[in-house]
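# Sequence and computational prediction follow.
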Amino acid sequence: MTPVNILIVDDREENIIALEALLKRDDIKIYSTTSPNEALKIAWDTHIAIALVDVQMPEMDGFELVEMLKSNPRTRDIMVIFVTAISKETKYAVKGLGTGAIDYLYKPLDPYITSAKVDSFVHMARAQAEVKLKNEELENFAIVVKNSADIICSVDAQTLRIGNINPAVESIIGFKPQELLGKSIVDLSFDGHQQTFRNKLGEIITENLSFAVFEVQLVTFNKRVIWAECRASYHNKTIFLNISDISPQKSYQEQLIKSKEEAEYGKKVKETFLANMSHELRTPVNGIIGITDLLLKTDLNEQQKSMLDLLETSSRSLLGVINDVLDISKIEAGKFNIVRTPNNIHDLIKSVFDLLKFRADESNIDFVLDIDSEVPELLMVDSLRLNQILMNLLSNAIKFTPRGYVKLTVSVLQKHNDKVKLKYSVEDSGIGVPADRINKIFESFEQAEEDTGNKYGGTGLGLAIVKKLVELKGGELEVTSQLGKGSVFNFINWHTIAIKPIENNNAKARKDLLPFNNISVLVAEDNMVNQFMLSKILKDWNVDVDMVDNGRKAIDKLKAKNYDLILMDTHMPEMNGYEAARNMRVDFEEPKRSTPIISLSASSLGHEQQEALAAGMNDVLAKPFQPYQLHEKMSRLLNVEV
């Protein structure tokens with residue numbers, strides 16, 4: 001099978017490498033370049049079927065490159081897919097499609113959608129190549145024409161009358177060939193398409209096109225309307241047409257479009273539900289954790305402090321379950337990103353180990369940490385997600401090990417330039433997993449046995465999240481287990497060696513928070529517990545606070561009084577935070593129009609944070625939050641030294 005030639009054009013080498021890895025297979029030959037000018041040369045010298053073109057490039061943007069490709073007869077038939085990270089607004093899509101592109105892929109790329117789309121266009125490219133080959137053969141072999149399943153005819157370019165037509169016309173539209181000789185080809189089309197058909201044929205003649213493809217509706221002998229694809233070629237004042245009945249494909253295409261619309265609607269409904277669920281669950285938990293923190297700062301006896309410590313532990317446990325459910329939902333919805341930054345991997349692993357050691361000690365389990373000395377200290381990792389993976393694996397091991405040991409070993413498997421391949425191995429002497437249940441434990445809400453949840457607790461989400469996070473990080477997850485003897489979970493991943501770690505901001509949580517002097521803040525929050533908590537925190541910082549419970553009242557307050565800062569909840573009755581912020585940015589005069597706004601969102605979805613910024617808010621603080629985080633954002637927006 002002849003490979004389909006695909007051209008990748010992107011000014012960033014790492015994007016090209018990622019796409020090449022995603023698309024690599026035997027029936028595809030990939031050409032790639034970071035230069036649009038070199039791309040033009042490759043397209044001219046090589047028969048490129050499909051081009052994946054980045055929109056934003058320095059020397060020539062994607063739109064200009066595609067216009068040049070489409071203006072050249074030699075490259076105009078390349079199927080172009082734009083790969084872009086810019087806005088998904090209709091105007092950009094229209095601009096891209098107007099230049100001749102056939103589809104868009106949006107960064108960050110979904111590997112499944114990208115592979116599926118490119119595979120579809122590879123099939124399309126092969127089909128077009130086969131059709132073109134058949135058309136060339138039809139000119140030389142009359143027997144092929146006579147026995148063709150498609151209508152093949154020649155049309156006089158001046159009169160548009162049919163000169164010759166093959167027998168297939170009778171099986172497709174019901175007319176005998178001799179009945180159509182000398183008649184206008186345009187008369188075979190549906191009334192509503194006749195002028196379009198005539199214009200297309202005129203364009204083929206005027207531009208002297210050797211090949212053109214278009215669709216038209218034809219009327220059959222029994223007055224039935226069918227969809228046909230016309231492949232036309234103009235030579236020596238004659239138009240040669242190959243006409244195929246594509247009604248079944250059209251019907252299937254319409255079904256696909258309908259299914260796509262239904263899927264998109266279902267996805268939107270799911271995202272809306274997820275956003276609402278995130279807000280409704282995290283908002284009260286934010287209040288509980290916040291008020292518990294405030295109470296712990298008051299004078300308490302030992303019994304009261306112990307009870308509040310238990311309340312805080314329970315609240316954070318509940319928040320952990322909520323976050324697990326939301327993480328699974330976000331991953332499945334494709335809303336989950338891995339963000340790698342420089343981190344001290346030794347410190348990160350040690351902090352996870354130290355955090356869980358007390359739990360192991362309570363269960364009289366030997367808890368062992370062994371980090372190979374060859375493991376580099378500074379690596380590019382998503383510390384939050386690596387922490388999540390190790391916490392889940394180690395917590396599981398401790399939970400299911402009634403006696404014996406749990407051991408975390410980190411070792412180097414391979415080094416190459418600035419890359420290192422690490423193996424994180426969690427070994428335990430616990431209850432083990434039955435062989436027929438090993439694959440099941442990585443599914444959402446599944447556990448090793450039906451009564452595992454009753455005996456040991458948990459939602460059955462931990463390992464499901466680990467598996468999905470490992471896949472997102474491009475790693476491997478292996479498990480071996482013997483019932484009654486223990487299990488070994490291995491997480492293997494390549495990392496890039498970093499130069500310096502990110503600044504550790506944890507110290508700010510313990511720092512004394514200085515008061516704000518002569519500062520007035522408007523808080524829009526509909527939850528009474530959070531109202532109380534925010535009011536207490538702000539007043540402890542000497543802030544003058546006004547409180548309202550919806551966006552409409554916030555607007556009325558701003559009309560009546562000047563504020564230095566606004567804290568705006570996003571989900572509120574009557575008028576939500578987004579709408580209120582937009583109104584403030586449009587309807588008010590300066591300086592009120594530019595009053596800094598911090599969005600207080602309980603949603604964990606990234607698009608809601610983007611929506612808040614798009615509505616005119618200056619910053620976003622996700623619930624639940626620590627007081628120092630609010631203090632830090634307020635200080636920055638108010639230009640106050642902390």
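Arrived safely, thanks for sending. Numbering: from 1, shown residues only.

# mind listing the strands for the stretch 301-450 of the chain?
Ranges of strands within the stretch 301-450 of the chain are 341-344, 366-371, 378-381, 405-416, 419-428, based on DSSP state E, counting those that start in this stretch.

# I'd like these laid out as CSV, including mean pLDDT, mean neighbour count and distance to I289.
(Glycine included, C-beta is placed from N, CA and C.) What follows is the strands of the stretch 301-450 of the chain, written out as CSV (pLDDT from 0 to 100; neighbours: other CB atoms under 10 Å; distance: least, CB to CB, whole Å):
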stretch, mean pLDDT, mean neighbour count, distance to I289
strand 341-344, 89, 18, 26
strand 366-371, 94, 15, 28
strand 378-381, 92, 21, 27
strand 405-416, 94, 16, 29
strand 419-428, 95, 20, 29
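
# Present these as a markdown table; the columns should include distance to N583.
Conversion of the strands of the stretch 301-450 of the chain to a markdown table gives the following (distance: least, CB to CB, whole Å):
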| stretch | distance to N583 |
| --- | --- |
| strand 341-344 | 37 |
| strand 366-371 | 55 |
| strand 378-381 | 42 |
| strand 405-416 | 53 |
| strand 419-428 | 50 |
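
# what's the closest of those to P591?
strand 341-344 (36.5 Å; CB to CB).

# What is the closest one packed up against?
Applying 3 or more CB pairs under 8 Å, 6 or more residues apart in numbering; DSSP states H and E, one finds that strand 341-344 makes contact with strand 378-381.

# The same query, at a cut-off of 10 Å, please.
The helices and strands touching strand 341-344, judged by 3 or more CB pairs under 10 Å, 6 or more residues apart in numbering; DSSP states H and E, are strand 378-381, helix 383-399, strand 486-497.

# Between the ones you listed, which has the poorest mean confidence score?
Here the lowest mean pLDDT among the helices and strands packed on strand 341-344 goes to helix 383-399, at a mean of 85.

# C-alpha coordinates for that helix, PDB please?
The C-alpha trace of helix 383-399 is given here as PDB (Å, rounded to 0.1, in the frame of the first residue of the first chain):
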ATOM      1  CA  SER A 383       4.100  18.100  41.500                       C
ATOM      2  CA  LEU A 384       0.400  18.100  42.300                       C
ATOM      3  CA  ARG A 385      -0.400  15.200  40.100                       C
ATOM      4  CA  LEU A 386       2.700  13.200  41.000                       C
ATOM      5  CA  ASN A 387       1.800  13.800  44.700                       C
ATOM      6  CA  GLN A 388      -1.700  12.600  43.900                       C
ATOM      7  CA  ILE A 389      -0.400   9.400  42.200                       C
ATOM      8  CA  LEU A 390       2.000   8.500  45.100                       C
ATOM      9  CA  MET A 391      -0.500   9.400  47.800                       C
ATOM     10  CA  ASN A 392      -3.200   7.100  46.200                       C
ATOM     11  CA  LEU A 393      -0.800   4.200  45.700                       C
ATOM     12  CA  LEU A 394       0.800   4.500  49.200                       C
ATOM     13  CA  SER A 395      -2.600   5.100  51.000                       C
ATOM     14  CA  ASN A 396      -4.000   2.000  49.300                       C
ATOM     15  CA  ALA A 397      -1.000   0.000  50.300                       C
ATOM     16  CA  ILE A 398      -1.300   1.000  53.900                       C
ATOM     17  CA  LYS A 399      -5.100   0.600  54.000                       C
END
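
# got TSV for the helices and strands packed on strand 341-344, with distance to I42 too?
Below are those laid out as TSV (distance: least, CB to CB, whole Å):
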stretch	distance to I42
strand 378-381	32
helix 383-399	38
strand 486-497	30
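
# picking up where we left off before, nearest to I78 among the strands of the stretch 301-450 of the chain would be which one?
Nearest of those (CB to CB): strand 419-428, 34.8 Å.

# how close does the nearest residue to V339 once chain neighbours are set aside get to D372?
The spatial neighbour of V339 that comes closest, neighbours along the chain excluded (CB to CB, 6 or more residues apart in numbering), is D382 at 5.4 Å. Between D382 and D372 the computed distance is 21 Å (CB to CB, to the nearest Å).

# the more surrounded of those two?
D382 (18 against 12; other CB atoms under 10 Å).

# Looks like the more buried one contacts K473 (just checking).
Yes - D382 lies in contact with K473 (CB atoms under 10 Å); the separation is 7.1 Å.

# Between those two, which contacts overlap?
Common neighbours of D382 and K473, using CB atoms under 10 Å, 6 or more residues apart in numbering, are I338, R340, I389.

# Now do the contacts for the nearest residue to D26 once chain neighbours are set aside.
Leaving aside its sequence neighbours, D26 sits nearest to P3 (CB to CB, 6+ apart; 7.5 Å). By CB under 10 Å, 6+ apart, the contact list for P3 reads R25, D26, D27, I28, K29, I30, A49, V122.

# Compare the helices and strands packed on strand 341-344 and give me the one nearest L630.
helix 383-399 (20.0 Å).

# Also compute the angle for that closest one relative to strand 486-497, please.
Helix 383-399 runs at 170 degrees relative to strand 486-497, counting by axes from the mean of the first three to the mean of the last three CA atoms, to 10 degrees.

# quick check, distance from helix 383-399 to the centre of its chain.
The chain centre lies 25 Å from the centre of helix 383-399; the measure is CA atoms, centre = their mean, to the nearest Å.

# One more: stretch 427-440?
On CA atoms, centre = their mean, the centre of stretch 427-440 falls 33 Å from that of its chain.

# Please write out the alpha-carbon positions of that stretch in CSV.
Only the C-alpha atoms of stretch 427-440 are listed here, as CSV (Å, rounded to 0.1, in the frame of the first residue of the first chain):
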residue,chain,number,x,y,z
GLU,A,427,5.4,-2.8,47.4
ASP,A,428,3.4,-4.1,50.3
SER,A,429,2.8,-7.4,52.2
GLY,A,430,-1.0,-6.8,52.3
ILE,A,431,-4.1,-8.8,51.3
GLY,A,432,-3.3,-8.8,47.6
VAL,A,433,-5.7,-8.8,44.6
PRO,A,434,-7.3,-11.8,43.0
ALA,A,435,-5.9,-12.4,39.5
ASP,A,436,-9.4,-12.0,37.9
ARG,A,437,-9.9,-8.6,39.5
ILE,A,438,-6.6,-6.9,38.8
ASN,A,439,-7.9,-5.1,35.7
LYS,A,440,-11.2,-4.2,37.5
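
# Wait, a strand at S115?
No - the assignment for S115 is helix, going by DSSP: H, G, I helix; E, B strand; the rest coil, so no strand is present there.

# now the residue sitting furthest away from the middle of the chain, what's its secondary structure?
Residue farthest from the centre of the chain, counting by CA atoms, centre = their mean, is Q178 at 57.5 Å. Three-state call for Q178 (three-state DSSP): helix.

# Return the distance of the longest helix seen in the chain from the chain's centre.
Counting by DSSP state H, the longest helix found in the chain is helix 247-296. Helix 247-296 has its C-alpha centroid displaced from the chain centroid by 14 Å (CA atoms, centre = their mean).

# which other helices and strands contact that helix?
So helix 247-296, by 3+ CB pairs under 10 Å, 6+ apart, packs with strand 212-219, strand 225-235, helix 302-332, helix 528-540, strand 597-601, helix 606-614, strand 619-622, helix 627-637.

# Count the neighbours of the closest residue to N517 other than its chain neighbours for me.
Ranked by CB to CB, 6+ apart and with sequence neighbours excluded, the top spatial neighbour of N517 is N542, at 6.2 Å. By other CB under 10 Å, the residues close to N542 number 12.
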